[in-house]
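Trainee: what's the 3D shape of this:
(2 chains)
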2 protein chains.
Amino acid sequence: MRSRFQQGLDELRDKLLRMGGLAEQAIDRATEAYRTRDAKFCQMVFTSEDDINQAEREIDELALDLLAMQQPMAVDLRFILAVVKINADLERVGDQAVNIAQRVLDLISEPEVQLPVDIPRMAAGVTTMVQRSLESFLDGKAEIAEAVLQMDNVVDRMKDEAFVVLVQKMISDPHVTRAALNVLLIARNLERIADHATNIAEDVIFWVRGADVRHGGAHYRS
Amino acid sequence: MRSRFQQGLDELRDKLLRMGGLAEQAIDRATEAYRTRDAKFCQMVFTSEDDINQAEREIDELALDLLAMQQPMAVDLRFILAVVKINADLERVGDQAVNIAQRVLDLISEPEVQLPVDIPRMAAGVTTMVQRSLESFLDGKAEIAEAVLQMDNVVDRMKDEAFVVLVQKMISDPHVTRAALNVLLIARNLERIADHATNIAEDVIFWVRGADVRHGGAHYRS
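Mentor: Sure, this is the predicted structure:
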């Protein structure tokens, strides 16, 4: 029979995965708002922010309860601390989705402008990164987490390319500046979400391996 | 005589304050780079990133050691978790300073353009927010943390004003678009630092009061 502590750890993991689902949904809706220019999806993102914040609180409180319940072993301590950190990142993914939805509202308040940047493709990339980072956590697989770190470079490049194209467009065609700036900021918000997925992947590796690959070096500890 | 655990808590607090000092210094140097257009200060920001990352790791490891050392009381648990979260925010303040320094390098690669935005004033505001949020932590004073939450509104307004002015400038004067965009992104980086200070202030309140004011509601717990 599993102990109360073990059951608590399982519950913590389930709650974090649910939190991840909420964050992914927020990115999807913000992207759908961009694609369809339908403010309804922006509203859905704004509404779900409360659920995400509530879920964040519950996870932190459960983590505190578990730490107070008994003397956890080192491996469980690392797991609980990883959850607390991943939790904070997922909440900020939700914040970024809100920022995107706000930019979309500004975009659709003006006539549509065709811009040579594929935001939905970039959004698909960062959503995959968030999913994989959580999958690596669920399965305790550091190699999936490492693949997420690689994907971050791809998203960074997409963002850089978008910047170059959009700045050129603003200079050659000043009447689209506001729209181009909104799209540029959306690309930047997506890049931040990719950064959060990267942070999560690093925390997973930290937890799985007891190693600290954060900031570049894989310093394995005994 | 203080126990080893108590000494460890003191050491954790000292390390976090030193980390805060490194993060503040990074903002100062990035701002100095902007003010003087001297790449030397950018380089100093890039160099100090390693120190900040190293300091972050040490704090996390010490937090783990303390949690493993004995069964902490609820108040100490909250303190240690607050440190882990504040630590992550300070590391990201350092990242934002790096982003600012990168934008400054791009800015000074082109002739100087006069833009009607006071970045140093905004930087002074956010630096004060970071200092106060850490001061509230050092002194355990939730009222200082609450003042930080108020200051965030002021910084947000400064950023919004900078956006309006800079977009107008880009439209009326497309040859300054690249410079104006760099300044706009610096304003946004500063706003993110203010957000991190806000997160820290919320964690302090969470720790001091056992209350959770995050996301708006002051839900005091018994």
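Trainee: How about the helix or strand residue A:184 falls within, which residues are buried there?
Mentor: Assessed by DSSP states H and E, residue A:184 sits inside helix A:177-209. By 16 or more other Cβ atoms under 10 Å in any protein chain shown, the buried positions in helix A:177-209 come out as A:177-209. C-beta: built from backbone N, CA, C; applies to glycine.
Trainee: of those, list those near chain B.
Mentor: A:177, A:178, A:181, A:184, A:185, A:188 (Cβ under 8 Å from any Cβ of the partner chain).
Trainee: re the thing from before, report all helices and strands that the helix holding residue A:184 contacts.
Mentor: helix A:74-108, helix A:119-139, helix A:142-172, helix B:142-172, helix B:177-209 (3 or more Cβ pairs under 8 Å, 6 or more residues apart in numbering or on different chains; DSSP states H and E).
Trainee: now these in CSV, with mean pLDDT?
Mentor: Compiled in CSV, the helices and strands packed on helix A:177-209 are given as follows (pLDDT from 0 to 100):
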stretch, mean pLDDT
helix A:74-108, 94
helix A:119-139, 95
helix A:142-172, 94
helix B:142-172, 94
helix B:177-209, 92
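Trainee: want to try JSON lines for these, with distance to residue B:100 as columns?
Mentor: As requested, the helices and strands packed on helix A:177-209 are arranged in JSON lines below (distance: least, Cβ to Cβ, whole Å):
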{"stretch": "helix A:74-108", "distance to residue B:100": "19"}
{"stretch": "helix A:119-139", "distance to residue B:100": "23"}
{"stretch": "helix A:142-172", "distance to residue B:100": "16"}
{"stretch": "helix B:142-172", "distance to residue B:100": "13"}
{"stretch": "helix B:177-209", "distance to residue B:100": "5"}
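Trainee: and chain A, which residues reach chain B?
Mentor: A:50, A:53, A:56-57, A:60, A:63-64, A:67-68, A:70-72, A:74, A:77-78, A:81, A:84-85, A:88, A:167, A:170-172, A:174-175, A:177-178, A:181, A:184-185, A:188, A:212, A:214-215.
Trainee: Could I have the ChimeraX command that selects the buried members from those?
Mentor: Buried members of these, defined by 16+ other Cβ under 10 Å, are picked up in ChimeraX with:
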select /A:53,56,57,60,63,64,67,72,77,78,81,84,85,88,167,170,171,174,177,178,181,184,185,188,212,214
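Trainee: Contacts only, for the residue nearest to residue A:58 when sequence neighbours are not counted.
Mentor: Closest residue in space to residue A:58, ignoring its immediate chain neighbours: residue A:15 at 6.3 Å, by Cβ to Cβ, 6 or more residues apart in numbering or on different chains. Residues in contact with residue A:15 (Cβ atoms under 8 Å, 6 or more residues apart in numbering or on different chains) are A:55, A:58, A:59, A:62.
Trainee: Quick check on the residues you listed: which are buried?
Mentor: A:55, A:58, A:59, A:62.
Trainee: can you pull the contacts of the nearest residue to residue A:148 once chain neighbours are set aside?
Mentor: In space, and not counting its chain neighbours, residue A:148 is closest to residue A:201: 3.9 Å by Cβ to Cβ, 6+ apart. The contact partners of residue A:201, taken as Cβ under 8 Å, 6+ apart, are A:132, A:133, A:136, A:145, A:146, A:148, A:149.
Trainee: hmm, try it at 6 Å
Mentor: A:133, A:145, A:148, A:149 (Cβ atoms under 6 Å, 6 or more residues apart in numbering or on different chains).
Trainee: what does residue A:106 give?
Mentor: residue A:182.
Trainee: cool, the one 10 residues further on as well?
Mentor: Contacts here follow Cβ under 6 Å, 6+ apart; on that basis residue A:116 touches residue A:165.
Trainee: what about 10 Å?
Mentor: Residue A:116 is in contact with A:161, A:162, A:165, A:166, A:168, A:169, A:183, counting by Cβ atoms under 10 Å, 6 or more residues apart in numbering or on different chains.
Trainee: Hmm, the fifth one is touching residue A:184, no?
Mentor: No. Using Cβ atoms under 10 Å as the test, residue A:168 is too far from residue A:184 to be in contact (11.5 Å).
Trainee: avg pLDDT for the strand or helix carrying residue A:10?
Mentor: Per DSSP H and E: residue A:10 is located in helix A:4-36. Average pLDDT, helix A:4-36: 96.
Trainee: Determine the angle, from 0 to 180 degrees, between that helix and helix A:74-108.
Mentor: Angle of helix A:4-36 versus helix A:74-108, following axes from the mean of the first three to the mean of the last three Cα atoms, to 10 degrees, is 20 degrees.
Trainee: now the helix or strand that helix A:4-36 is followed by: mean pLDDT?
Mentor: Downstream of helix A:4-36, the first helix or strand assigned by DSSP H and E is helix A:39-69. Helix A:39-69 comes out with an average pLDDT of 94.
Trainee: same for helix A:39-69, what does it pack against?
Mentor: Where contact means 3 or more Cβ pairs under 10 Å, 6 or more residues apart in numbering or on different chains; DSSP states H and E, helix A:39-69 is packed against helix A:4-36, helix A:74-108, helix B:74-107, helix B:177-209.
Trainee: Using JSON lines, please lay out those helices together with distance to residue B:3.
Mentor: Putting the helices and strands packed on helix A:39-69 into JSON lines (distance: least, Cβ to Cβ, whole Å) gives the following:
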{"stretch": "helix A:4-36", "distance to residue B:3": "25"}
{"stretch": "helix A:74-108", "distance to residue B:3": "20"}
{"stretch": "helix B:74-107", "distance to residue B:3": "11"}
{"stretch": "helix B:177-209", "distance to residue B:3": "20"}
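Trainee: Can you say which of those helices is nearest to residue B:119?
Mentor: helix B:177-209 (5.9 Å; Cβ to Cβ).
Trainee: Check the offset of that closest one from the chain's centre.
Mentor: 6 Å (Cα atoms, centre = their mean, to the nearest Å).
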